[in-house]
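Novice: Sequence plus predicted model, see below.
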Amino acid sequence: MKAIINANIIMPDHIIRNGTIVIENGKIVDFGKKIDTTGMEIFDAKGGYVGPGLIDIHTHADGDTFFTEDPVKAAGTILQHGVTDVCPALYFSANGDQLIEQIGIIRAAMNSGKANNIIGLYMEAPYLNPKFGCNRESNPWRDPVSRDKYQKIVDAAYDIAKVWCLAPERENIEEFVLYVKEKNPNAIFSVAHSEAEPRDIEKLMPYGLKLATHHTNATGTLNRYPECRSACVDETALYNHEIYTELICDKVGIHVDPYMLRLIKKIKGDDRIILIADAFVEHGPIPSDDLYEGADDINFDFMGEIAGSKMILDGPCRNMMTHTGASLCQVFKYASTNPATLLGLTDRGRIAKGNVANLILVDAEFDVKSVFLAGEQVK
């Protein structure tokens with residue numbers, strides 16, 4: 001047995017000061033105050049804050065390497081930043097054969113024992129709206145929804161794909177949804193790269209649509225009447241409490257304006273926000289416009305458009321605290337508890353007896369000092 005002592009333990013709605021966490025066989029067996037640690041291996045947190053490991057449901061890279069290129073390296077890099085669970089994201093710019101190859105690469109890494117923080121896939125493909133997203137000019141999925149094309153993708157990924165993104169306005173998209181559900185009744189769908197109207201989105205909610213991919217990014221605005229803004233993807237996600245909203249929270253507030261972050265936080269509440277890194281790999285220059293000054297944690301393509309981030313999930317946690325005044329308890333909810341709840345991971349995402357001992361030690365600024373994966377210190 002081992003014990004983490006002198007820890008400020010982060011709970012979803014409070015902090016246990018000067019507490020202790022006891023770990024055995026990779027799981028939390030006790031936590032709280034006045035715990036006898038005689039005979040245990042001791043790790044002294046020295047007054048730092050210990051919370052559940054971060055869960056990134058949507059990221060493509062570790063900042064400079066795609067998961068599809070070297071998943072073991074990417075998983076190891078983000079683990080050092082406290083990401084104890086990750087769903088690598090595959091992107092719609094890949095064709096069917098390429099997606100199947102990428103699925104195989106991630107599956108092999110999951111089975112290798114060398115990337116134990118990879119827990120599944122985030123399928124940001126195939127059927128999004130081709131009007132949106134970086135590298136959209138190379139989207140091979142513009143043709144009508146076709147079982148001949150999507151069946152082999154679903155068959156290759158259904159058992160490890162945690163989330164399937166889609167644009168509800170695509171013709172015959174319900175056919176795709178029904179096939180995914182046939183293969184995996186617990187599949188989760190996310191509205192993504194879309195200009196769907198509320199009724200298109202809400203029609204798919206009974207099938208498991210309960211997420212909005214990078215809220216306020218790559219979404220259209222419908223103006224049904226001149227000089228009158230209508231409800232679109234972002235408004236629908238805000239209106240429906242069941243829908244979780246992903247947020248890419250960068251330093252400058254480019255992906256989501258800081259005022260908008262505060263508005264979303266006010267409307268959605270603490271239980272429906274999920275922070276993501278959405279890291280990508282592009283090498284375009286930062287635009288010279290003063291608007292982007294200091295935006296060194298964002299990727300740009302050579303068209304000057306935003307292409308995801310360079311961040312790992314601890315960065316968005318710090319930025320969310322800066323832009324919204326969120327507390328440590330709140331950002332741990334956004335980056336661990338809420339994604340675990342969305343994915344149905346009942347054994348992680350919070351400090352509780354019986355949960356996997358995926359834990360991180362941070363300071364008050366959310367700088368990661370130590371990381372435990374299934375009870376083993378890896379940083």
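Specialist: Cool, the structure landed.
Novice: contacting residues around residue 348?
Specialist: 52, 53, 55, 84, 85, 336, 340, 355, 356, 358 (C-beta atoms under 8 Å, 6 or more residues apart in numbering). The C-beta positions use only the backbone N, C-alpha and C, and glycine is treated the same way.
Novice: Can you go through these and name the buried ones?
Specialist: Those of the contacts of residue 348 that meet the buried threshold are 52, 53, 55, 84, 85, 336, 340, 355, 356, 358, by 16 or more other C-beta atoms under 10 Å.
Novice: Tell me the one among these nearest to residue 193.
Specialist: For these, the closest approach to residue 193 (C-beta to C-beta) belongs to residue 55, at 22.7 Å.
Novice: distance of the closest one from residue 185?
Specialist: Using C-beta to C-beta, to the nearest Å, residue 55 is found at 22 Å from residue 185.
Novice: ok, now residue 302?
Specialist: With the distance defined as C-beta to C-beta, residue 302 ends up 42 Å from residue 185.
Novice: And residue 66, by the same measure?
Specialist: Distance from residue 66 to residue 185, by C-beta to C-beta: 31 Å.
Novice: neighbour-wise, which of those two wins?
Specialist: residue 66 (21 against 9; other C-beta atoms under 10 Å).
Novice: Bridged to that one, which residues?
Specialist: residue 61 (DSSP bridges).
Novice: ok, it - contacts?
Specialist: For residue 66, counting by C-beta under 8 Å, 6+ apart, the contacting residues are 60, 74, 281.
Novice: Hmm, which of the residues you listed is lowest in pLDDT?
Specialist: Note: of these, the lowest pLDDT belongs to residue 281, at 91.
Novice: From residue 336, how far out is it?
Specialist: 25 Å.
Novice: Name the secondary structure element that contains residue 260.
Specialist: Assigned by DSSP states H and E, residue 260 belongs to helix 258-268.
Novice: Contacts for that helix, please.
Specialist: So helix 258-268 is in contact with 215-216, 238, 241, 245, 247, 249, 253, 256, 273, 320, 323-324, 326, going by C-beta under 8 Å, 6+ apart.
Novice: Recalculate using a threshold of 10 Å.
Specialist: 212, 215-216, 234, 237-239, 241, 243-245, 247, 249, 252-253, 255-257, 272-274, 319-320, 322-326, 330, 334 (C-beta atoms under 10 Å, 6 or more residues apart in numbering).
Novice: hmm, back to that, so which of the contacts of residue 66 comes closest to residue 36?
Specialist: residue 74 (40.9 Å).
Novice: Tally up the residues packed near the closest one, please.
Specialist: Neighbours of residue 74 (other C-beta under 10 Å): 27.
Novice: can you tell me the helix or strand for it?
Specialist: Judged by DSSP H and E, residue 74 forms part of helix 71-79.
Novice: Would you mind pulling up the elements that that helix packs against?
Specialist: strand 54-59, strand 83-91, helix 96-112 (3 or more C-beta pairs under 10 Å, 6 or more residues apart in numbering; DSSP states H and E).
Novice: ok and the last one relative to helix 71-79, angle-wise?
Specialist: Read that as helix 96-112. Interaxial angle of helix 96-112 relative to helix 71-79 (axes from the mean of the first three to the mean of the last three C-alpha atoms, to 10 degrees): 70 degrees.
Novice: sorry, back to before: deepest of the helices and strands packed on helix 71-79, which one?
Specialist: strand 54-59 (a mean of 30; mean count of other C-beta atoms under 10 Å).
Novice: isn't there a strand covering residue 153?
Specialist: No - Residue 153 is assigned helix when assessed by DSSP: H, G, I helix; E, B strand; the rest coil, not a strand.
Novice: Please report the distance of it from residue 247.
Specialist: 27 Å.
Novice: List the residues that contact residue 178.
Specialist: Residue 178 touches residue 207, counting by C-beta under 10 Å, 6+ apart.
Novice: residue ranges with poor pLDDT in the stretch 201-350 of the chain?
Specialist: Residue ranges of the stretch 201-350 of the chain with pLDDT under 70: 222-226.
Novice: Strands of that one, start to end?
Specialist: With DSSP state E, counting those that start in this stretch, the ranges of strands along the stretch 201-350 of the chain come out as 209-212, 244-248, 273-276, 298-300, 306-309.
Novice: can you put those in JSON lines and add mean neighbour count and distance to residue 196?
Specialist: JSON lines is the format used below for the strands of the stretch 201-350 of the chain (neighbours: other C-beta atoms under 10 Å; distance: least, C-beta to C-beta, whole Å):
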{"stretch": "strand 209-212", "mean neighbour count": "25", "distance to residue 196": "10"}
{"stretch": "strand 244-248", "mean neighbour count": "26", "distance to residue 196": "15"}
{"stretch": "strand 273-276", "mean neighbour count": "28", "distance to residue 196": "20"}
{"stretch": "strand 298-300", "mean neighbour count": "22", "distance to residue 196": "26"}
{"stretch": "strand 306-309", "mean neighbour count": "26", "distance to residue 196": "21"}
